[in-house]
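> Got a sequence here, can you build the structure:
(one chain, ligands or ions: 1)
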Amino acid sequence: MNINSKQHQPDIIIIGAGIIGLSIAYHILEVDPKLSITILEKEKVLGVGSTGKGTGSIRYQFISPIHRQLSLLGRDFFVNFESAFNTPIWYLEKGSLLLAVNEGLWNQLQLTTEQAVAESIPMKLLDREELIRNYPYLDGDRFLGGTLCPWDAYADPYAVLAELYAAVRRRGVNVYFGQEVTKIILEGDKAQGVETSQETIWSPLIVNAAGPYAAQSAAMAGITIPVQPFRRQVYVCTNPKDVPKANPLIIDLASGFYMHQEANGKTVLLGGTDKDTWPGFEELVDKSLAEDFFLTAIEAIPSAIDVKWLRTYTGICEQTPDFHPIIGEAPGLKGFFLANGFSGHGFMHAPAAGRIVADLILNGKTELIDINLFHPDRFTVRNN
Ligand SMILES: Cc1cc2nc3c(=O)[nH]c(=O)nc-3n(C[C@H](O)[C@H](O)[C@H](O)COP(=O)(O)OP(=O)(O)OC[C@H]3O[C@@H](n4cnc5c(N)ncnc54)[C@H](O)[C@@H]3O)c2cc1C
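Next comes the predicted model:
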């Protein structure tokens, strides 16, 4: 679609129509429905970025208190989504299990449980006996214990994305597909607009929600942010025969291995061990990793030896060095906001990001969370 730039001067431009960009638009309009918002998306269709590749897990169990706070800020959004939007997202609170293989991790889980319970998160410790009694398919010799949180849930990322897209369109947001932002227009220390592959669009407020491409978009404004893209490989397999339906998400903290059972109870998504890959946008499946991967899977769930490997896909995750996102106005550049680097948790933390950025843009501050924790200042360098 062609935009007439002379007539088209939205209050806010958002770069990227992933879950973060759409959540920000949605939450801004919840507060001020009169604002005009334009979202620019380089791909031709919705859901081609990270969001469409996500596993859909929503977790409250995190060792990092910051991650727990972000999850809590989004809880109502997910719990009430189906009734509020009258659309299915296959939301299911099936819980998740974090598993410890050594004393160090077990002690960490004990401390995390204490903190989480104090924050009203119903996280529960399970010693080895309880773990194996309740989840007999786990390797009883490997795990010292684990934790369970019944709030931890699943929702279909594409279903949430599609409904948010419909919701913001209903509220008058223009979403232009096939429009790559190629330049941020600056005047002194202020953002003034963008150039896309087709047009120039003027606006004093620009939000960088470009997912794995966040560093590239920030660089157009002379801002350096350490958000790097990492390939993540997901193995789609038949359900291990002794794992019951509606089983919690399993995470082996030592190896990173996870098993997410799909809603049908017949297939599982396995992954999580490829933490040491190099940054890059290469999405090709690397089958040479499979042998080591399945050996790790079998260490946690011995019956995984019999699963049928159906297919493999990859997605790109955007990551910061401390695994916490960067949220806020870029230092030294008025009107350029960053909502980037969600480090594998951008789906579950999208409602929080939307609320926080809406607050920062509309009120100049937020009481929702200590924003200093996410301040771009902790990494950014202004180049010019
Ligand atoms: C395999 C995998 C599993 C995951 N599992 C989970 C999970 O279980 N739970 C969870 O919470 N998170 C999960 N994640 C992470 C989550 O998917 C991401 O953190 C989240 O989708 C990021 O959303 P986003 O909107 O920032 O990025 P994206 O969805 O990638 O959206 C950014 C958009 O910006 C567009 N864009 C980029 N540059 C430009 C430009 N210059 N001009 C215009 N448009 C541009 C892109 O095309 C893209 O559509 C997973 C990720 C992967 C890869």
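
> which residues touch Ala290?
235, 309, 312 (CB atoms under 8 Å, 6 or more residues apart in numbering). Just so you know, the C-beta spots here come from the backbone N, C-alpha and C atoms, and that holds for glycine as well.

> May I ask you to confirm that Lys308 is in contact with Val236?
No: contact criterion CB atoms under 8 Å: Lys308 and Val236 do not qualify, at 9.8 Å.

> When those two are compared, which one has more neighbours?
Each of Lys308 and Val236 has its neighbours counted (other CB atoms under 10 Å); Val236 has more, 17 against 9.

> Look at that one and report its pLDDT.
With respect to pLDDT, Val236 has a value of 98.

> I figured it hits Asn264, correct?
No: using CB under 8 Å as the test, Val236 is too far from Asn264 to be in contact (11.6 Å).

> residue contacts, the residue nearest to Leu249 when sequence neighbours are not counted?
Of all residues not flanking Leu249 in the chain, Ser96 sits nearest, at 3.8 Å (CB to CB, 6 or more residues apart in numbering). Taking CB under 8 Å, 6+ apart, we find Ser96 in contact with 57, 59, 61, 148-149, 152, 248-251.

> same deal with Ser71?
By CB under 8 Å, 6+ apart, the neighbours of Ser71 are 58-60, 62, 348-349, 352.

> beta partners of the residue nearest to Leu249?
Cys149, Leu249 (DSSP bridges).

> Residue numbers of the stretch 51-200 of the chain in contact with the ligand?
Contact residues, the stretch 51-200 of the chain versus the ligand (CB under 6 Å from any ligand atom): 51, 53-57, 180-181.

> can you list the domains in this protein?
12-52+158-227+322-382, 94-150+228-319 (automatic domain parsing).

> still on that earlier bit, which among the residues of the stretch 51-200 of the chain next to the ligand end up buried?
For these, a neighbour count by 16 or more other CB atoms under 10 Å gives the buried set as 51, 53-57, 180-181.

> Now render those residues as TSV, adding pLDDT and secondary structure.
Output for these, formatted as TSV (pLDDT from 0 to 100; DSSP: H, G, I helix; E, B strand; the rest coil):
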residue	pLDDT	secondary structure
Thr51	98	helix
Lys53	95	helix
Gly54	95	coil
Thr55	94	coil
Gly56	96	coil
Ser57	96	strand
Glu180	98	coil
Val181	98	strand
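
> ok, the residues you listed vs Arg128, which is closest?
Of all these, Arg128 sits closest to Ser57, with 24.4 Å by CB to CB.

> Need the pLDDT of the nearest residue to the closest one once chain neighbours are set aside.
In space, and not counting its chain neighbours, Ser57 is closest to Leu249: 5.5 Å by CB to CB, 6+ apart. Leu249 carries a pLDDT score of 97 in this model.

> Same question for Pro229.
97.

> Quickly find the element holding it.
Assigning secondary structure by DSSP states H and E places Pro229 in strand 228-238.

> So which bits of that strand are buried?
For strand 228-238, by 16+ other CB under 10 Å, it's 228-237.

> residues in contact with that strand?
53, 55, 212-213, 215, 266-271, 274, 277-283, 285-286, 289-290, 293-294, 304, 307-319, 344.

> just to revisit the earlier point, and the contacts of Ser71, which are buried?
58-60, 62, 348-349, 352.

> Number of residues surrounding Ser255?
When neighbours are counted by other CB under 10 Å, Ser255 comes out with 18.

> How about it: what's its closest non-neighbour residue?
For Ser255, the spatially nearest residue (CB to CB, 6+ apart) is Thr296, at 5.0 Å.

> swap in Gln198?
Per CB to CB, 6+ apart, closest to Gln198 is Gln179, 5.9 Å.

> Mind jotting down where the helices sit in the stretch 1-150 of the chain?
For the stretch 1-150 of the chain, applying DSSP state H, counting those that start in this stretch gives helices covering 19-31, 65-85, 103-118, 128-134.

> out of the ones you listed, nearest to Ile37?
Across the helices of the stretch 1-150 of the chain, closest to Ile37 is helix 19-31 (CB to CB), at 5.0 Å.

> so, in contact with the ligand or not, the closest one?
Yes: using CB under 6 Å from any ligand atom, helix 19-31 reaches the ligand at 19-21.

> And for stretch 280-291?
No: Stretch 280-291 does not reach the ligand (CB under 6 Å from any ligand atom); its nearest approach is 9.5 Å.

> Write out the residues of the stretch 251-384 of the chain neighbouring the ligand.
So the stretch 251-384 of the chain meets the ligand at 315-317, 342, 344-348 (CB under 6 Å from any ligand atom).

> rerun that using 8 Å as the cut-off
260, 271, 313-318, 339-340, 342-350 (CB under 8 Å from any ligand atom).

> Select only the buried ones of those in PyMOL?
Filtering these down to the buried ones (16+ other CB under 10 Å) takes a single PyMOL command:
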select buried, resi 260+271+314+315+316+317+318+339+340+342+343+344+345+346+347+348+349+350
